[in-house]
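K.L.:
predicted model follows, preceded by the sequence.
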Amino acid sequence: MSTASSHRALGIVALVAAALLGSAYAIGYSLMGNEGDPVPAAPSSAPHVAAQPPATGTPSPDTTADEPAPEGVNEGGPHGTQMTTGTGQVTLTFDDGPDPYYTPQTLAALRAYRVTATFCLVGENAQAHPDLVRAIVADGHSLCNHSWNHDVLLGSRTEQTIQADLLRTNEAIRAAVPDARIAYYRQPGGAWTYPLVSVARNLGMVPLHWTVDPNDWQAPGAASIAGMVNAATMPGSVVLLHDAGGDRQGTVDALYWILPNLTSRFRVAALPPDL
Ligand SMILES: [Zn+2]
(Lines give C-alpha, C1' and ligand atoms only; values in the text may rest on other atoms or scores of the structure.)
Protein backbone atom coordinates (compact mmCIF):
# COMPACT_ATOMS: atom_id res chain seq x y z
CA MET A 1 0.00 0.00 0.00
CA SER A 2 1.40 3.40 -0.90
CA THR A 3 1.92 6.03 1.74
CA ALA A 4 -0.89 8.14 0.30
CA SER A 5 -3.42 5.32 0.23
CA SER A 6 -2.42 4.12 3.69
CA HIS A 7 -2.96 7.65 4.96
CA ARG A 8 -6.34 7.69 3.23
CA ALA A 9 -7.20 4.34 4.83
CA LEU A 10 -6.18 5.67 8.22
CA GLY A 11 -8.34 8.72 7.63
CA ILE A 12 -11.37 6.53 6.89
CA VAL A 13 -10.69 4.46 10.01
CA ALA A 14 -10.52 7.69 11.99
CA LEU A 15 -13.82 8.95 10.58
CA VAL A 16 -15.59 5.67 11.36
CA ALA A 17 -14.06 5.64 14.84
CA ALA A 18 -15.14 9.24 15.33
CA ALA A 19 -18.73 8.41 14.43
CA LEU A 20 -18.85 5.32 16.64
CA LEU A 21 -17.09 6.92 19.57
CA GLY A 22 -19.10 10.07 19.26
CA SER A 23 -22.35 8.18 19.82
CA ALA A 24 -20.78 6.00 22.54
CA TYR A 25 -19.57 9.14 24.25
CA ALA A 26 -22.96 10.82 24.07
CA ILE A 27 -24.58 7.69 25.51
CA GLY A 28 -21.96 7.59 28.26
CA TYR A 29 -22.71 11.19 29.13
CA SER A 30 -26.45 10.60 29.34
CA LEU A 31 -25.96 7.49 31.49
CA MET A 32 -23.58 9.29 33.80
CA GLY A 33 -26.10 11.85 34.99
CA ASN A 34 -24.77 14.28 37.54
CA GLU A 35 -23.32 11.81 39.99
CA GLY A 36 -19.91 11.51 38.39
CA ASP A 37 -17.72 12.80 41.17
CA PRO A 38 -14.20 11.43 40.81
CA VAL A 39 -13.13 8.35 42.70
CA PRO A 40 -10.40 9.54 45.07
CA ALA A 41 -8.34 6.37 45.41
CA ALA A 42 -6.53 5.47 42.21
CA PRO A 43 -3.29 3.54 41.72
CA SER A 44 -0.38 5.75 40.74
CA SER A 45 0.05 3.75 37.53
CA ALA A 46 -3.38 4.96 36.44
CA PRO A 47 -3.09 8.72 36.22
CA HIS A 48 -6.68 9.61 35.42
CA VAL A 49 -9.21 7.02 36.39
CA ALA A 50 -11.70 9.58 37.65
CA ALA A 51 -15.22 9.45 36.35
CA GLN A 52 -16.25 12.03 33.81
CA PRO A 53 -17.36 15.31 35.32
CA PRO A 54 -21.07 16.07 35.15
CA ALA A 55 -22.26 16.63 31.61
CA THR A 56 -22.88 20.23 30.65
CA GLY A 57 -24.88 19.29 27.57
CA THR A 58 -24.94 16.84 24.72
CA PRO A 59 -21.65 17.03 22.84
CA SER A 60 -22.32 18.32 19.36
CA PRO A 61 -19.75 18.26 16.59
CA ASP A 62 -21.73 20.96 14.80
CA THR A 63 -21.19 23.81 17.24
CA THR A 64 -19.15 26.76 16.04
CA ALA A 65 -16.63 29.08 17.61
CA ASP A 66 -19.18 31.88 17.58
CA GLU A 67 -21.39 30.25 20.15
CA PRO A 68 -20.81 31.41 23.73
CA ALA A 69 -19.92 28.87 26.39
CA PRO A 70 -22.79 27.78 28.62
CA GLU A 71 -23.28 30.24 31.46
CA GLY A 72 -22.27 29.36 34.99
CA VAL A 73 -20.21 26.23 34.30
CA ASN A 74 -16.82 27.84 34.67
CA GLU A 75 -16.46 26.51 38.22
CA GLY A 76 -18.73 23.52 37.70
CA GLY A 77 -16.08 20.84 38.31
CA PRO A 78 -15.72 18.71 41.45
CA HIS A 79 -15.37 20.83 44.63
CA GLY A 80 -15.79 24.05 42.65
CA THR A 81 -12.89 23.42 40.31
CA GLN A 82 -12.79 25.14 36.93
CA MET A 83 -13.77 22.75 34.15
CA THR A 84 -14.33 24.98 31.14
CA THR A 85 -12.47 27.93 29.67
CA GLY A 86 -15.37 30.24 30.57
CA THR A 87 -15.55 31.46 26.95
CA GLY A 88 -16.15 29.88 23.55
CA GLN A 89 -12.45 29.10 23.36
CA VAL A 90 -11.27 25.49 23.61
CA THR A 91 -8.07 24.56 25.43
CA LEU A 92 -5.91 21.44 25.25
CA THR A 93 -4.14 20.37 28.44
CA PHE A 94 -1.16 17.99 28.56
CA ASP A 95 -0.50 16.24 31.88
CA ASP A 96 2.33 14.32 33.58
CA GLY A 97 5.36 15.74 31.73
CA PRO A 98 7.71 16.97 30.75
CA ASP A 99 8.97 13.84 29.00
CA PRO A 100 12.15 13.81 26.90
CA TYR A 101 10.58 11.72 24.13
CA TYR A 102 6.95 12.84 23.88
CA THR A 103 7.01 16.48 25.00
CA PRO A 104 9.18 17.65 22.06
CA GLN A 105 6.86 15.81 19.65
CA THR A 106 3.83 17.41 21.31
CA LEU A 107 5.42 20.85 21.05
CA ALA A 108 6.21 20.28 17.36
CA ALA A 109 2.61 19.32 16.58
CA LEU A 110 1.24 22.37 18.41
CA ARG A 111 3.76 24.60 16.62
CA ALA A 112 2.70 23.20 13.24
CA TYR A 113 -0.87 24.37 13.85
CA ARG A 114 0.10 27.54 15.76
CA VAL A 115 -1.83 26.38 18.81
CA THR A 116 -0.89 27.11 22.42
CA ALA A 117 -1.90 24.76 25.22
CA THR A 118 -1.66 24.31 28.97
CA PHE A 119 0.96 21.91 30.38
CA CYS A 120 0.37 20.36 33.82
CA LEU A 121 3.86 19.46 35.01
CA VAL A 122 4.94 16.88 37.57
CA GLY A 123 7.55 18.45 39.86
CA GLU A 124 10.17 15.72 39.68
CA ASN A 125 9.89 15.65 35.88
CA ALA A 126 10.32 19.42 35.74
CA GLN A 127 13.39 19.11 37.96
CA ALA A 128 14.83 16.38 35.69
CA HIS A 129 14.13 18.24 32.43
CA PRO A 130 14.45 22.02 32.94
CA ASP A 131 15.30 22.40 29.23
CA LEU A 132 11.86 21.06 28.34
CA VAL A 133 10.16 23.39 30.82
CA ARG A 134 11.94 26.27 29.11
CA ALA A 135 10.88 24.95 25.66
CA ILE A 136 7.24 24.82 26.78
CA VAL A 137 7.34 28.43 28.01
CA ALA A 138 9.32 29.62 24.98
CA ASP A 139 6.50 28.40 22.72
CA GLY A 140 3.96 30.48 24.64
CA HIS A 141 2.17 27.69 26.51
CA SER A 142 0.66 28.12 29.98
CA LEU A 143 1.88 26.26 33.06
CA CYS A 144 -0.04 24.16 35.55
CA ASN A 145 1.23 22.38 38.68
CA HIS A 146 0.43 18.62 38.73
CA SER A 147 1.99 17.77 42.14
CA TRP A 148 5.53 16.67 42.95
CA ASN A 149 5.32 12.97 42.03
CA HIS A 150 1.77 12.48 40.77
CA ASP A 151 0.29 11.70 44.18
CA VAL A 152 -3.35 10.72 43.53
CA LEU A 153 -3.90 10.54 47.31
CA LEU A 154 -2.55 14.02 47.99
CA GLY A 155 -6.03 15.29 48.81
CA SER A 156 -6.26 12.99 51.83
CA ARG A 157 -3.05 14.30 53.40
CA THR A 158 -2.68 17.22 55.80
CA GLU A 159 -2.90 20.78 54.53
CA GLN A 160 0.77 21.26 55.45
CA THR A 161 1.75 18.25 53.34
CA ILE A 162 -0.39 19.44 50.44
CA GLN A 163 1.07 22.93 50.60
CA ALA A 164 4.65 21.63 50.81
CA ASP A 165 4.06 19.39 47.78
CA LEU A 166 2.60 22.18 45.65
CA LEU A 167 5.31 24.65 46.68
CA ARG A 168 8.11 22.16 45.99
CA THR A 169 6.65 21.58 42.51
CA ASN A 170 6.39 25.29 41.78
CA GLU A 171 10.00 25.75 42.93
CA ALA A 172 11.18 23.02 40.54
CA ILE A 173 9.33 24.68 37.66
CA ARG A 174 10.61 28.15 38.59
CA ALA A 175 14.17 26.83 38.81
CA ALA A 176 13.88 26.41 35.03
CA VAL A 177 11.72 29.46 34.25
CA PRO A 178 12.12 31.99 37.09
CA ASP A 179 9.67 34.54 35.69
CA ALA A 180 6.93 32.23 34.46
CA ARG A 181 3.54 32.32 36.12
CA ILE A 182 2.06 28.99 37.29
CA ALA A 183 -1.60 29.92 37.32
CA TYR A 184 -3.24 26.47 37.56
CA TYR A 185 -3.17 23.35 39.69
CA ARG A 186 -4.56 20.02 38.50
CA GLN A 187 -4.90 17.15 40.96
CA PRO A 188 -3.63 13.79 39.63
CA GLY A 189 -6.52 11.43 38.96
CA GLY A 190 -8.93 14.34 39.30
CA ALA A 191 -9.13 13.21 42.94
CA TRP A 192 -10.08 16.61 44.32
CA THR A 193 -10.79 17.32 47.95
CA TYR A 194 -11.72 20.56 49.64
CA PRO A 195 -8.24 21.00 51.24
CA LEU A 196 -6.58 20.60 47.81
CA VAL A 197 -8.80 23.23 46.23
CA SER A 198 -8.30 25.54 49.20
CA VAL A 199 -4.49 25.23 49.30
CA ALA A 200 -4.17 25.65 45.54
CA ARG A 201 -6.28 28.83 45.66
CA ASN A 202 -4.29 30.18 48.63
CA LEU A 203 -1.11 29.71 46.59
CA GLY A 204 -2.63 31.71 43.73
CA MET A 205 -3.48 28.79 41.47
CA VAL A 206 -6.86 28.03 39.90
CA PRO A 207 -7.87 24.40 40.51
CA LEU A 208 -8.37 23.09 36.97
CA HIS A 209 -10.47 20.04 36.06
CA TRP A 210 -11.57 19.13 32.51
CA THR A 211 -14.61 18.50 30.32
CA VAL A 212 -13.34 16.10 27.64
CA ASP A 213 -11.37 12.95 28.54
CA PRO A 214 -10.53 10.48 25.74
CA ASN A 215 -8.72 8.20 28.25
CA ASP A 216 -5.55 8.57 26.22
CA TRP A 217 -3.49 7.37 29.22
CA GLN A 218 -4.87 3.89 28.47
CA ALA A 219 -3.24 4.12 25.01
CA PRO A 220 -6.37 3.21 22.98
CA GLY A 221 -4.68 4.34 19.76
CA ALA A 222 -4.60 7.58 17.81
CA ALA A 223 -7.88 7.03 15.93
CA SER A 224 -9.79 6.40 19.15
CA ILE A 225 -8.28 9.40 20.92
CA ALA A 226 -8.86 11.75 18.00
CA GLY A 227 -12.36 10.43 17.32
CA MET A 228 -13.49 11.00 20.87
CA VAL A 229 -11.92 14.43 21.24
CA ASN A 230 -13.26 15.68 17.91
CA ALA A 231 -16.76 14.37 18.66
CA ALA A 232 -17.03 15.57 22.27
CA THR A 233 -15.39 18.99 22.14
CA MET A 234 -17.72 21.97 22.25
CA PRO A 235 -17.32 25.69 22.99
CA GLY A 236 -15.53 26.12 26.32
CA SER A 237 -14.15 22.58 26.49
CA VAL A 238 -11.00 21.79 28.44
CA VAL A 239 -9.51 18.65 26.84
CA LEU A 240 -7.44 16.26 28.97
CA LEU A 241 -4.43 14.69 27.23
CA HIS A 242 -1.05 13.34 28.36
CA ASP A 243 2.48 13.86 27.04
CA ALA A 244 4.15 11.59 29.61
CA GLY A 245 3.60 8.71 32.02
CA GLY A 246 3.61 5.85 29.50
CA ASP A 247 3.48 5.18 25.77
CA ARG A 248 2.03 8.44 24.45
CA GLN A 249 2.71 7.93 20.75
CA GLY A 250 -1.05 7.50 20.19
CA THR A 251 -1.68 10.92 21.72
CA VAL A 252 1.07 12.55 19.66
CA ASP A 253 -0.25 10.97 16.45
CA ALA A 254 -3.84 11.89 17.35
CA LEU A 255 -2.84 15.56 17.48
CA TYR A 256 -2.47 15.54 13.68
CA TRP A 257 -6.21 14.72 13.43
CA ILE A 258 -7.34 16.75 16.46
CA LEU A 259 -5.58 20.02 15.69
CA PRO A 260 -6.85 20.54 12.10
CA ASN A 261 -10.36 19.53 13.18
CA LEU A 262 -10.64 21.71 16.29
CA THR A 263 -8.88 24.75 14.82
CA SER A 264 -11.40 24.73 11.94
CA ARG A 265 -14.30 24.88 14.43
CA PHE A 266 -13.06 26.78 17.50
CA ARG A 267 -10.46 29.18 18.76
CA VAL A 268 -7.96 26.79 20.38
CA ALA A 269 -5.47 28.38 22.76
CA ALA A 270 -3.85 28.11 26.16
CA LEU A 271 -5.71 29.24 29.24
CA PRO A 272 -4.52 32.72 30.24
CA PRO A 273 -1.03 32.27 31.72
CA ASP A 274 -1.48 35.20 34.06
CA LEU A 275 -4.74 35.63 35.95
ZN1 LIG B 1 -1.74 13.09 35.69
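P.N.:
Sure, I can see it. Owing to the predicted nature of the structure, the values given are computational and were not obtained by experimental measurement.
K.L.:
could you check how many residues crowd around the residue of the stretch 51-200 of the chain with the smallest separation from the ion?
P.N.:
Closest residue of the stretch 51-200 of the chain to the ion, CB to the ion: residue 95 (4.0 Å). The way it works is simple: take the backbone N, C-alpha and C, and place the C-beta from them, glycine included. A count of neighbours around residue 95, defined by other CB atoms under 10 Å, yields 25.
K.L.:
what ranges do the strands span in the stretch 151-275 of the chain?
P.N.:
Here the stretch 151-275 of the chain has its strands, by DSSP state E, counting those that start in this stretch, at 182-185, 206-207, 238-242.
K.L.:
returning to that earlier point: is the residue of the stretch 51-200 of the chain closest to the ion in contact with residue 125, as I believe?
P.N.:
No - counting by CB atoms under 8 Å, residue 95 stays clear of residue 125, with 10.6 Å between them.
K.L.:
A helix includes residue 88, no?
P.N.:
No - looking at residue 88 with DSSP: H, G, I helix; E, B strand; the rest coil, it is coil, so not inside a helix.
K.L.:
so where do the strands sit in the stretch 1-150 of the chain?
P.N.:
Ranges of strands in the stretch 1-150 of the chain, per DSSP E, counting those that start in this stretch, are 91-95, 118-121, 142-145.
K.L.:
can you list the strands that the second one pairs with?
P.N.:
If I follow you right, that is strand 118-121. Strand 118-121 sits in its sheet next to strand 91-95 (parallel), strand 142-145 (parallel), going by DSSP bridges.
K.L.:
quick one: closest of those strands to residue 250.
P.N.:
Among the strands paired with strand 118-121, the nearest to residue 250 by CB to CB is strand 91-95 (13.6 Å).
K.L.:
quick check: neighbours shared by residue 95 and residue 125?
P.N.:
Shared contacts of residue 95 and residue 125 (CB atoms under 8 Å, 6 or more residues apart in numbering): residue 244.
K.L.:
returning to that earlier point: any chance of the strands paired with strand 118-121 in CSV, with distance to residue 257 too?
P.N.:
Shown next, in CSV, are those (distance: least, CB to CB, whole Å):
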stretch, distance to residue 257
strand 91-95, 13
strand 142-145, 23
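K.L.:
can you add distance to residue 198 and mean pLDDT and give those back as a markdown table?
P.N.:
Output for those, formatted as a markdown table (distance: least, CB to CB, whole Å; pLDDT from 0 to 100):
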| stretch | distance to residue 198 | mean pLDDT |
| --- | --- | --- |
| strand 91-95 | 22 | 98 |
| strand 142-145 | 15 | 98 |
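K.L.:
can you say which of those strands is nearest to residue 121?
P.N.:
strand 142-145 (6.6 Å).
K.L.:
just the strands of the stretch 1-150 of the chain: most buried one?
P.N.:
With neighbours defined as mean count of other CB atoms under 10 Å, the strands of the stretch 1-150 of the chain peak in mean count at strand 118-121, which reaches a mean of 29.
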